[in-house]
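Visitor: requesting a structural model of the entry that follows:
(3 chains)
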Amino acid sequence: MQQIIEELNPGQREAVETTDGPLLVLAGAGSGKTKTLTHRIAYLVANGLAAPENILAVTFTNKAAGEMRARLASILGMDSAHRGFMPYMGTFHGVCVRILRQDGPALGVDSNFVIFDDSDRLATIRQILKQLGVVDKQASPRAILNLISGAKNELIEPQTYAQFASTPVQKVASQVYPKYNRQLSQAQALDFDDLIGKTVELLTNYPEVSKKWRSQFGYVMIDEYQDTNNAQYRLVKLLVDKHNNLAVVGDDWQSIYSWRGADFKTILNFDNDYPNAKVVKLEQNYRSTQEILDAADKVIKNNKNRSDKKLWTDVKSGKPVAIERVGDDRGEGEYIVSKIKTDVASGKREYGDFAVLYRTNAQSRSLEETLVRYGIPYKIVGGVRFYDRKEIKDLIAYLRYIYQPEDQSSFLRVVNLPTRGIGQKSLSNFFEWQAANNYSLWQALQLVQQCKSLTTKARTSLNGFAQLIKSLQALAEESKLDQLIEMLVNRLNYFDYLDDGSLQSADRIENVKELVSVAKEYAELGLPGFLEEVSLVSDLDGYEQSAQAVTLMTLHAAKGLEFPVVMMVGLEESVLPHSRALYEQSEMEEERRLCYVGMTRAKEELIMLHAERRMLYGGVQHNQPSRFLSEIDEDYLDSAQTSYAQVFEFGPKDAVSTIGLPELAVRDQVEHQVFGQGIIHALDGEIATINFFKAGQKKLNIAFAPVKKIG
DNA sequence: TCATTTAACGTTTTT
DNA sequence: CGTTAAATGA
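Guide: You can find the predicted model right below:
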């Protein structure tokens, strides 16, 4: 037990020894955040202050939870596979699933609910938009989804949302929102946001249920608290009400998910929120050299909205941070290749020591090409997840439908796959008949023989499909998960369906085989457990650093990781910071935090690259070097570089004054002689992208176009 | 009903 | 430029 405390620095130790009451740990990058949290749990358990099962530790990824579990097991000398002796460690969503499976029925949530992912949600929204006859280009399903998701993150109900929907898109979203919820509940489905929202609802309205969970989780810890959104914040409040044994750990400087509803002010307000909270700052950094820390510090200090911290380190000083200018995006790749080749050849480094970080996934392509050309092994984190591949999603949809035959989204996905001759026409006839008779989807399907409005062929096909599902349901009851999937694949002749002779089809077949072997591993979870795992797992969860390959990923994905050498590419205005953030103070500050996160991933060497030109969207762009570079090095201003500071300066109204052009800014309302009124969506020099209320989106040259600002 | 062509679009995406 | 979703034709 003594060891648990001994290895800690004074701040970490204080955090660990503060066991009761609210505790805020403001933990800078690389300050041993996870270590502190794990040791705190170990301390609670080893001192007999809490039984493991009375501790709840919430992380943001399954991977983080897994790491914590492993570390805790090693401190306590236990087997990490033995989950029974472990505190509950998982994500917010994982905890909520557990609570809802048990107590959801009180709210009318079927305990066999399925979880809708983004593509299910989009499909649902598309369907509703079609029903509503919305053709407006403004109302893209993605935009609607973001609005609905935003509302759910704020725990705003459809009725309330409708009241303050003001823009045209919001109006559409307010029409979609209630219908969307109805569709989900018909399908016995919850989306990611519902998992949190329904749990909040449950704990708010059912005192006996919340009492039960509160006494279950007598000690609660939340990691990455800066990334909690409003719904999650409410959930935490409900879980710790009365005992207030809550420890939160986070760093507002690393808050990079505000676009998902996260609000780092929650962490800054913690001590107001929970009176008598103890606040501990962890400022000693164990990761990076002083040079890297200093550079990162210079960048982040330009943010106005932030807490005050000063990171320091004992690590001996190293190389200065390098800022490199290259010709174009290809040049970035070539610089990286030569750096890696040199260091690896000299025996100084191995491939796994390097990470290449970028702002957008699209940037990975040209880097990959260059790495392939020079034979540098690499792996990419992110992009298309295993479970997002079509062939896998299709099979998962089958499994889901077997599990929950009211899930219309899965039904639509698989009913004609492989082709059974059930097309749009037959389906809409079927649905009409279903609605007319007030049958649920699964009832209707079983009674489909009675449906007169279908052709004989369609009727037989649908009935065949129903029989197939029925027999697989029986199989699911009595057999192992992997046997079920194998049987499914057989019954569908799935390999034949996938094998179209193309090169990719071999990959697809491989993927399906991979799924079967994954299913073997999860066999003891059963079908429901497996489906849960699949919908709550992320690409990052499978990521392991290996010595044999360079890692490529987005800055977002890099959070929480560290590498001896970090190379950040695309340090240019409108790449990092991203063009969409140039005109908004708060978004700019988030870009800066993103830059900060990237920089603080580096242990020994940090190289920041920018290109004079780059190919983007099929055209060549000339971007100024990122403002973040000049924040690191004031002297880092050359030739054309003096101008951007003026052009992008934040004026009183974030106005962009470009000489000789009308004064316009993103989000300004404008009027056009022909197209009528609209809002500026984006500005790129003289080219403005304007969303007109009636005429839709247009790209206009504001130097010539008859547009003027209104309002 | 499916395969091919055309048009639109373009940030990040822990769950 | 490359991808993906809608639209069209066989």
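Visitor: quick one, strands of the stretch 401-550 of chain A?
Guide: Using DSSP state E, counting those that start in this stretch, the strands of the stretch 401-550 of chain A run over residues A:550-554.
Visitor: er, the stretch 101-250 of chain A I mean
Guide: For the stretch 101-250 of chain A, the strands defined by DSSP E, counting those that start in this stretch cover A:114-116, A:189-191, A:219-222, A:246-250.
Visitor: pipe these into JSON lines and attach mean pLDDT per row.
Guide: Putting those into JSON lines (pLDDT from 0 to 100) gives the following:
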{"stretch": "strand A:114-116", "mean pLDDT": "90"}
{"stretch": "strand A:189-191", "mean pLDDT": "92"}
{"stretch": "strand A:219-222", "mean pLDDT": "96"}
{"stretch": "strand A:246-250", "mean pLDDT": "96"}
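Visitor: looking at these, which is nearest to residue A:52?
Guide: Closest to residue A:52 of these, according to CB to CB: strand A:219-222, at 10.1 Å. Bear in mind the C-beta positions are built from the backbone N, C-alpha and C, glycine included.
Visitor: what's the closest one packed up against?
Guide: On a contact count with 3 or more CB pairs under 8 Å, 6 or more residues apart in numbering; DSSP states H and E, strand A:219-222 meets helix A:33-46, strand A:55-59, helix A:230-240, strand A:246-250.
Visitor: render the CA-only coordinates of that strand in CSV, please.
Guide: Output of strand A:219-222 as CSV, limited to C-alpha atoms (Å, rounded to 0.1, in the frame of the first residue of the first chain):
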residue,chain,number,x,y,z
TYR,A,219,-17.0,6.8,-5.5
VAL,A,220,-17.0,8.3,-9.0
MET,A,221,-14.1,9.4,-11.1
ILE,A,222,-14.3,11.1,-14.5
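Visitor: run through the stretch 551-700 of chain A and note the low-pLDDT ranges.
Guide: Along the stretch 551-700 of chain A, segments meeting pLDDT under 70 span A:635-669, A:671-679, A:681-700.
Visitor: and the residue in it that DNA strand C sits nearest to, what does it touch?
Guide: Closest contact between the stretch 551-700 of chain A and DNA strand C, by CB to the nearest atom of the strand, is at residue A:618 (2.4 Å). Applying CB atoms under 8 Å, 6 or more residues apart in numbering to residue A:618 gives no contacts.
Visitor: go on, the one 5 residues further on?
Guide: In this structure, residue A:623 makes contact with A:572, A:573, A:574, A:575, A:610, A:611, A:613, A:614, judged by CB under 8 Å, 6+ apart.
Visitor: how about the nearest residue to it, chain neighbours excluded?
Guide: Using CB to CB, 6 or more residues apart in numbering and skipping residues adjacent in sequence, the residue nearest residue A:623 is residue A:572, 3.7 Å away.
Visitor: I'd say that neighbour and residue A:622 touch.
Guide: No: counting by CB atoms under 8 Å, residue A:572 stays clear of residue A:622, with 9.1 Å between them.
Visitor: between the two, which one's more packed in?
Guide: When residue A:572 and residue A:622 are compared for neighbours, residue A:572 comes out ahead with 25 against 10, by other CB atoms under 10 Å.
Visitor: where does pLDDT dip in the stretch 251-400 of chain A?
Guide: If you take pLDDT under 70 as the line, the stretch 251-400 of chain A has these spans: A:383-384.
Visitor: need the helices for it, in chain order.
Guide: Under the criterion DSSP state H, counting those that start in this stretch, the stretch 251-400 of chain A contains helices at A:265-268, A:270-273, A:290-300, A:329-345, A:364-373, A:390-403.
Visitor: also the stretch 1-150 of chain A?
Guide: Going by DSSP H, counting those that start in this stretch, the stretch 1-150 of chain A shows helices at A:2-6, A:10-17, A:33-46, A:62-76, A:92-103, A:118-132, A:141-153.
Visitor: select, out of those helices, the one closest to DNA strand C.
Guide: helix A:118-132 (5.7 Å).
Visitor: and the residue in the stretch 601-711 of chain A that DNA strand B sits nearest to, its phi and psi?
Guide: Of all residues in the stretch 601-711 of chain A, the one sitting closest to DNA strand B is residue A:617 (4.0 Å; CB to the nearest atom of the strand). Phi and psi for residue A:617, reported as degrees, to the nearest 10, are phi 50, psi 40.
Visitor: adding secondary structure and distance to residue A:417, write the contacts of residue A:623 out as CSV.
Guide: Shown next, in CSV, are the contacts of residue A:623 (DSSP: H, G, I helix; E, B strand; the rest coil; distance: CB to CB, whole Å):
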residue, secondary structure, distance to residue A:417
A:572, strand, 44
A:573, coil, 46
A:574, strand, 42
A:575, coil, 40
A:610, strand, 47
A:611, strand, 44
A:613, strand, 45
A:614, strand, 40
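Visitor: and those, which are buried?
Guide: Burial by neighbour count, 16 or more other CB atoms under 10 Å: within those this picks out A:572, A:573, A:574, A:575, A:610, A:611, A:614.
Visitor: as TSV, the residues you listed with distance to DNA strand C would be great.
Guide: Listed next are the buried ones among the contacts of residue A:623 as TSV, based on distance: CB to the nearest atom of the strand, whole Å:
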residue	distance to DNA strand C
A:572	18
A:573	20
A:574	16
A:575	15
A:610	20
A:611	16
A:614	11
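Visitor: I'd like to know which of those is nearest to residue A:292.
Guide: Of all the buried ones among the contacts of residue A:623, residue A:292 sits closest to residue A:610, with 18.0 Å by CB to CB.
Visitor: ok, and the closest non-adjacent residue to that closest one?
Guide: Nearest one to residue A:610, counting by CB to CB, 6+ apart, is residue A:571 at 4.2 Å.
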